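[1] prediction below, plus the sequence it came from.
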Amino acid sequence: MKPLSSLVLDDASEPLFFSDVHLGEECPLLTEPFLAWLDEALASTHTLFVLGDLFNAWIGDDLLKQDHLYPETVRAAKAVCQKLKAFTESKGAAYFVAGNRDFLMGQDFFKRSGLQPLAEECLLQFAGHRWLLCHGDHLCIDDQAHQDLREKLLSPAWQAEFLAKSLASRADFANSLREKSQAAKAMKAEEIMDVNAQECLRRVHYHACIGLIHGHTHRPGNYPLAEDTMRWVIPDWHASHSDTSTPHYAGGYLRLTRKGPELIQVS
Ligand SMILES: [Mn+2]
């Protein structure tokens, strides 16, 4: 399935966007509350956009054919696929923009989930306006180390070589990459890990859009880029143990209505 770089939705659709759930071994507490939310979300819309980092690490679709590596990721992925497949076969469409964690999601996953892949930057025409959709990490141009790594990991040659390795050695690589990334993050200034506002505006103007919708930065909110041009950041999801037996979790989503975007927090 070739990624789409533009989409037109009818005014009645009120699409729903989420991103940065980071499902998997690092936060198993989040899986159940997220799946419960997903049921509600799918009941409330006909058009769903996943703007990347649904999983904390996705090292290839062949993960789904085994259950000893990344068992929580696999369990969550199977449940997500089942829900999305039922949704896309009965009432709606679901789209996926790759994040910097799950860029190796492939044709098998798309087939199992009914998700349609979108290009790195996708233009959405809705209610008389054009929106630019993306995960967001390609706009963090002040973080040169991240951009260099990104260029390497997104190259078809690197991906073909990586996917030819055993799942176990891919898992080792992903673990060491995550450790390195966490160590590097601790050393970086906060602003460096955010999107570059001039770059955002440049991309929005280039595509003649009214605004930008993205995730990745874990800084939910709406930020003006220029007069009448807004950048909307979708909330990330996280969970932790609380004093009671029920884990505390928080996340959120964005709904695009005819009046414009709305950010909704859930917990
Ligand atoms: Mn990300």
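    Nice, thanks for sending it over. Residues are numbered from 1 along each chain as shown.
[2] now stretch 137-153: mean pLDDT?
    In this model, stretch 137-153 has an average pLDDT of 95.
[3] how close does the residue of the chain found nearest the ion sit to residue 233?
    Closest approach between the chain and the ion, counting by C-beta to the ion: residue 216, at 3.8 Å. Yep, even glycine has a C-beta here, placed from its N, CA and C like the rest. Using C-beta to C-beta, to the nearest Å, residue 216 is found at 8 Å from residue 233.
[4] overlap in contacts of the two?
    Common contacts of residue 216 and residue 233 (C-beta atoms under 8 Å, 6 or more residues apart in numbering): residue 136.
[5] going along the chain, name the helices of the stretch 1-150 of the chain.
    With DSSP state H, counting those that start in this stretch as the criterion, the stretch 1-150 of the chain has helices at 31-43, 71-90, 107-113, 144-153.
[6] report the distance from the longest one to the chain centre.
    Meaning helix 71-90. Distance of helix 71-90 from its chain centroid, counting by C-alpha atoms, centre = their mean, to the nearest Å, is 15 Å.
[7] and the angle from it to helix 31-43?
    Here the directions of helix 71-90 and helix 31-43 differ by 10 degrees (axes from the mean of the first three to the mean of the last three C-alpha atoms, to 10 degrees).
[8] can you tell me the average pLDDT over helix 71-90?
    Helix 71-90 comes out at a mean pLDDT of 98.
[9] for it, name the packing helices and strands.
    helix 31-43, strand 93-96, helix 107-113 (3 or more C-beta pairs under 8 Å, 6 or more residues apart in numbering; DSSP states H and E).
[10] could you do the third one as well?
    Using 3+ C-beta pairs under 8 Å, 6+ apart as the contact test, the elements touching helix 107-113 are helix 71-90.
[11] if we can go back for a sec, now the helices of the stretch 1-150 of the chain as CSV including mean neighbour count and distance to the ion?
    Listed next are the helices of the stretch 1-150 of the chain as CSV, based on neighbours: other C-beta atoms under 10 Å; distance: least, C-beta to the ion, whole Å:
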stretch, mean neighbour count, distance to the ion
helix 31-43, 16, 16
helix 71-90, 17, 16
helix 107-113, 17, 18
helix 144-153, 14, 10
